[in-house]
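Novice: Take a look and give me a structure for this.
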Amino acid sequence: MATHVSDTGLPGHLGLLPLTGRGRGLAPLVHPDNESFWNSIAAGELSLQRCGSCQTLRFPLAPVCHQCLSPEFTWEAIDTRGSVNVVIENARATDGMPRIGLEAPWPELTPYFTGAVDLDCGLRLPGRIVCDCGEVRSRGVRVRGVSLETTCDTRVHGFVHACVVGPFE
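Specialist: Here you go, the predicted model:
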């Protein structure tokens, strides 16, 4: 499958590669509380909240820290490299599901991998995992962050194996 990538990461850490030509997933719901997260993805970074009191880097995003309950935080761009913790292979789209007013993008995407990645910064994030060779079926395989197309202009984060983008370590 044709893929276009370009690296927009800062020296010393890897940001998100914009990945195109891999199908369009559902667009996220952007709310004022999470708008900075989505804006960082559009800018080629993956930014998460760092607590202003206890310095905990946190995901999922929240109005208060899950460690100390402080409402103070800053947005911090993180290195997107990590290791596959668990992966699910979706071989086909599910038929017969209610549409609830949304067109399902899944037939265009399948087959695809999704799962959870243990980032080098210590957090575990879910996301689609793009891989052509199937090596991501194994726990511990290295991946890095990408931004993926959706059914609107907003991109979402995901992960990619080196078989798609080349070496990144």
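
Novice: In the longest helix along the chain, which residues are buried?
Specialist: Longest helix in the chain, counting residues (DSSP state H): helix 35-42. Using 16 or more other Cβ atoms under 10 Å as the test for burial, helix 35-42 gives 37, 38, 40, 41. Glycine gets a C-beta too; all of them are placed from N, C-alpha and C.

Novice: Against which helices or strands is the helix or strand bottoming out on mean pLDDT in the chain packed?
Specialist: Every helix and strand in the chain was compared by mean pLDDT, DSSP states H and E; the lowest is helix 106-109, with a mean of 72. Helices and strands touching helix 106-109, as assessed by 3 or more Cβ pairs under 8 Å, 6 or more residues apart in numbering; DSSP states H and E, are absent.

Novice: Run through who's touching it.
Specialist: Outside helix 106-109, the residues that touch it by Cβ atoms under 8 Å, 6 or more residues apart in numbering are 22, 23, 24, 25, 90, 93, 94, 128.

Novice: before we move on, back to that, is it possible to get CSV of the buried residues of helix 35-42 that adds distance to residue 54 and pLDDT?
Specialist: Shown next, in CSV, are these (distance: Cβ to Cβ, whole Å; pLDDT from 0 to 100):
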residue, distance to residue 54, pLDDT
37, 20, 96
38, 25, 95
40, 22, 96
41, 26, 96
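
Novice: all strands of the chain, in order?
Specialist: Listed from the start of the chain, the chain has strands (DSSP state E) covering 17-19, 47-51, 57-58, 73-77, 82-90, 112-119, 124-130, 142-148, 156-160.

Novice: Which one, of the ones you listed, ends up nearest to residue 169?
Specialist: Taking Cβ to Cβ, strand 142-148 is the member of those nearest to residue 169, at 6.5 Å.

Novice: same for that closest one, what does it pack against?
Specialist: For strand 142-148, the packing partners by 3+ Cβ pairs under 8 Å, 6+ apart come out as strand 17-19, strand 82-90, strand 124-130, strand 156-160, helix 162-165.

Novice: Out of those, flag the one nearest residue 33.
Specialist: Smallest distance to residue 33 across the helices and strands packed on strand 142-148 (Cβ to Cβ): 16.9 Å, for strand 156-160.
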